[in-house]
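J.: Build me a structure from this.
(chains A and B)
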Amino acid sequence: MNTKKILTSITIGIIVLVAAFVAVFGSSLKNLKLDTDDTVVTTETPTQNNTAVETKPSAAVTTAPETKPSTPTQPAPVTTGYTLADVATHNSAISCWSAIDGNVYDLTSWVNSHPGGKAAILMICGKDGSPLFNSQHGGDRKPANILVKYKIGTLN
Amino acid sequence: MNSKQYIGISILRISLSFVFLWFGFSQMSDAAQWIGFVPDWATSIMSAGMLVYLNGIFEIIAGLMLAIGIVPRYVALLLGIHLLIISSSLGFSAVGIRDIGLALATLSLFFLGNDKLALSYREISNE
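T.: Sure thing, here's the model as predicted:
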């Protein structure tokens, strides 16, 4: 086995590795940068600067949820309530909110991850998804545990 | 096997390695998004979050071995079986069907043999 061949194989491997890494973490870093910019505009005093995750503002805190891009990696903490009219403005795969059993969830990042296909999630974007969710997953612990991670507030 | 066929195997191997590396990094990046894919029977072994992390590490290591071409046939066999198990738990959903296709494509690498760009390729005895 000659050196050139070894180097070629390893180079290909490293290129693929880096490409996959950038494909995953590149968008996360971009979102992080955008959210950090939002923090400057919408919050008076940054609270925790120890980690990047802690500096991410919530969709609720920005008070402009209709313009807030979805943050697929970090669901927003629950801080406020929304009306069905608020939810109705997020009715697409680009921004998908749904009201389920009195709570509001930002399901944008879950659309493409749902094991049952994205069509099922898109059906409840912008509306009260309680009937469909409960008919499919009512009483199931796991879907409920996943759902809670996407909670952004309560339904007023 | 002619050179064009070797190129075909190289493309298949490298592109599939990208897929597994992407899956692996994505699971490490945000395990919560993948917890829904963990089958119920697996959660009796350990927590779903930990399974996702371990699965991510496994897919990154195996994906890198596939990309470099370190015993790619056997790595492909392992990854193919691994993905078949996962996809079988998803059923005939859009994601499940896609994963079955990827799993079978990965398994095909085991039967196709090594390509010339793989580190483990031997000129005389091609595994």
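J.: going forward, measure contacts between C-alpha atoms and count neighbours the same way
T.: OK.
J.: which non-adjacent residue is nearest the residue nearest the centre of chain B?
T.: The centroid of chain B falls nearest to residue B:79 when counting by Cα atoms, centre = their mean (3.8 Å). Once flanking residues are discounted, residue B:79 sits nearest to residue B:106: 7.0 Å by Cα to Cα, 6 or more residues apart in numbering or on different chains.
J.: what's around whichever residue of chain A sits closest to chain B, how many residues?
T.: Using Cα to the nearest Cα, the single residue of chain A nearest to chain B is residue A:13, 4.3 Å away. For residue A:13, the neighbour count with other Cα atoms under 10 Å in any protein chain shown is 25.
J.: Please, which helix or strand holds it?
T.: Using DSSP states H and E, residue A:13 sits in helix A:3-42.
J.: can you pull out the helices in chain A?
T.: A:3-42, A:84-88, A:118-122, A:130-137, A:141-148 (DSSP state H).
J.: Any idea which of these gets closest to residue B:59?
T.: Nearest of those to residue B:59, taken as Cα to Cα: helix A:3-42 at 11.5 Å.
J.: residues from chain A in reach of chain B?
T.: Within reach of chain B by Cα under 8 Å from any Cα of the partner chain, chain A has these residues: A:5-6, A:8-14, A:16-17, A:19-21, A:23-25, A:73, A:109-110, A:113-117, A:142-143, A:146, A:149.
J.: What's the ChimeraX line that selects buried ones from the residues you listed?
T.: Buried subset of the residues of chain A next to chain B, written as a ChimeraX selection, criterion 16 or more other Cα atoms under 10 Å in any protein chain shown:
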select /A:6,9,10,12,13,16,17,19,20,21,23,24,25,73,109,110,113,114,115,116,117,143,146,149
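J.: okay, the residue nearest to the centre of chain B: pLDDT?
T.: As predicted, residue B:79 sits at a pLDDT of 95.
J.: any weak-confidence spans in the chain?
T.: I'll assume chain A. Scanning chain A for pLDDT under 70 picks out A:1, A:27-79, A:139-141.
J.: The chain in question should be chain B.
T.: B:36, B:93, B:123-127.
J.: Repeat the analysis, applying 80 as the threshold.
T.: By pLDDT under 80, the weakly predicted segments of chain B are B:1-3, B:30-43, B:45, B:48, B:89-96, B:122-127.
J.: where do the helices sit along it?
T.: Along chain B, the stretches classed as helices by DSSP H are B:3-29, B:48-68, B:72-90, B:94-112.
J.: Pick the most buried one from those.
T.: helix B:48-68 (a mean of 22; mean count of other Cα atoms under 10 Å in any protein chain shown).
J.: Is there any residue in that one that contacts chain A?
T.: Yes. Applying Cα under 8 Å from any Cα, one finds helix B:48-68 touching chain A at B:64, B:65, B:66, B:67, B:68.
J.: List the contacts of residue A:107.
T.: A:95, A:96, A:97, A:98, A:121, A:125, A:150 (Cα atoms under 8 Å, 6 or more residues apart in numbering or on different chains).
J.: Next step: those restricted to strands.
T.: Secondary structure defined by DSSP state E assigns A:97, A:98 of those to strands.
J.: Which member of the contacts of residue A:107 is positioned nearest residue B:12?
T.: Nearest member of these to residue B:12, counting by Cα to Cα, is residue A:121, at 32.1 Å.
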